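*Asks:* Generate coordinates for the sequence data below:
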Amino acid sequence: MNRNDLFRPLQIAVMTVSDTRTEADDKSGKILIDNLKNTGHLLRDKVIVPDNIYKIRAVISGWIADESIQIILTTGGTGVTGRDQTPEAIKPLLDKEITGFGEIFRMISYQEIKTSTIQSRTLAGVANGTYIFCLPGSSGACQTGWDIIKDQLDSRNRPCNLAQLIPRLTET
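*Replies:* Down below sits the predicted model:
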């Protein structure tokens with residue numbers, strides 16, 4: 001980190017994908033929100049959406065089109081059960097996939113949950129200059145994901161970071 005550079009807070013939207021979670025018991029969404037706020041970023045929007053490809057896409061598409069949102073974090077729906085549809089909902093919306101995120105996530109996750117990590121279809125990519133990270137629904141996985149993401153969302157991180165690549169930040 002180069003602490004001489006100015007920190008640029010990012011506008012982040014958080015989606016919990018679940019048929020059962022409510023705001024009262026959404027631990028994973030709360031972990032993401034607490035982490036983003038604790039590092040100086042701004043919560044732009046937060047929703048809970050059912051495990052439905054089209055409902056997920058509708059919200060994500062709106063956020064991708066919203067120029068004030070730079071980062072989207074989702075939690076839930078990345079497993080292998082019949083209801084897990086987050087990657088199928090989001091992948092067609094991406095301009096580019098960031099495959100390294102899933103690779104690193106599963107590598108770190110392996111240290112915690114061993115071979116069960118193969119069930120994680122964690123995904124990241126960029127669409128219309130908006131970076132999207134799809135995390136599993138467990139609170140531990142959300143913390144692991146955030147620990148990977150946080151330095152890339154910090155404009156002071158060196159040698160490089162995703163924050164410096166956000167078109168809406170670099171055009172100003």
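
*Asks:* switch to C-alpha atoms for all contacts and neighbour counts from now on
*Replies:* Fine.

*Asks:* mind listing the strands for the chain?
*Replies:* 11-17, 42-49, 71-75, 96-97, 123-127, 130-135 (DSSP state E).

*Asks:* Would you convert the ones you listed into CSV that also reports mean neighbour count, mean pLDDT and distance to residue 65?
*Replies:* Shown next, in CSV, are the strands of the chain (neighbours: other Cα atoms under 10 Å; pLDDT from 0 to 100; distance: least, Cα to Cα, whole Å):
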stretch, mean neighbour count, mean pLDDT, distance to residue 65
strand 11-17, 24, 98, 12
strand 42-49, 17, 98, 14
strand 71-75, 25, 98, 12
strand 96-97, 16, 98, 16
strand 123-127, 22, 98, 9
strand 130-135, 26, 98, 9
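
*Asks:* So which of the ones you listed is nearest residue 81?
*Replies:* strand 11-17 (13.5 Å; Cα to Cα).

*Asks:* coming back round to it: kindly reformat the strands of the chain as TSV and extend each row with distance to residue 146.
*Replies:* Formatted as TSV, these follow (distance: least, Cα to Cα, whole Å):
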stretch	distance to residue 146
strand 11-17	12
strand 42-49	15
strand 71-75	9
strand 96-97	18
strand 123-127	12
strand 130-135	9
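
*Asks:* for these, which one sits closest to residue 111?
*Replies:* strand 130-135 (17.0 Å).

*Asks:* circling back: which one of the strands of the chain lies closest to residue 84?
*Replies:* Once these are compared by Cα to Cα, strand 11-17 is nearest, at 8.9 Å.

*Asks:* Kindly spell out which helices and strands sit in contact with that closest one.
*Replies:* helix 27-38, strand 42-49, strand 71-75 (3 or more Cα pairs under 8 Å, 6 or more residues apart in numbering; DSSP states H and E).

*Asks:* Which strands border it, and is each parallel or antiparallel?
*Replies:* Sheet pairing here is set by DSSP bridges, and for strand 11-17 it gives strand 42-49 (parallel), strand 71-75 (parallel).

*Asks:* how near is residue 115 to residue 127?
*Replies:* Distance, residue 115 to residue 127, using Cα to Cα, to the nearest Å: 31 Å.

*Asks:* quick one on the thing from earlier: for the strands paired with strand 11-17, give me CSV that also has distance to residue 119.
*Replies:* Converted to CSV, those look like this (distance: least, Cα to Cα, whole Å):
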stretch, distance to residue 119
strand 42-49, 21
strand 71-75, 15
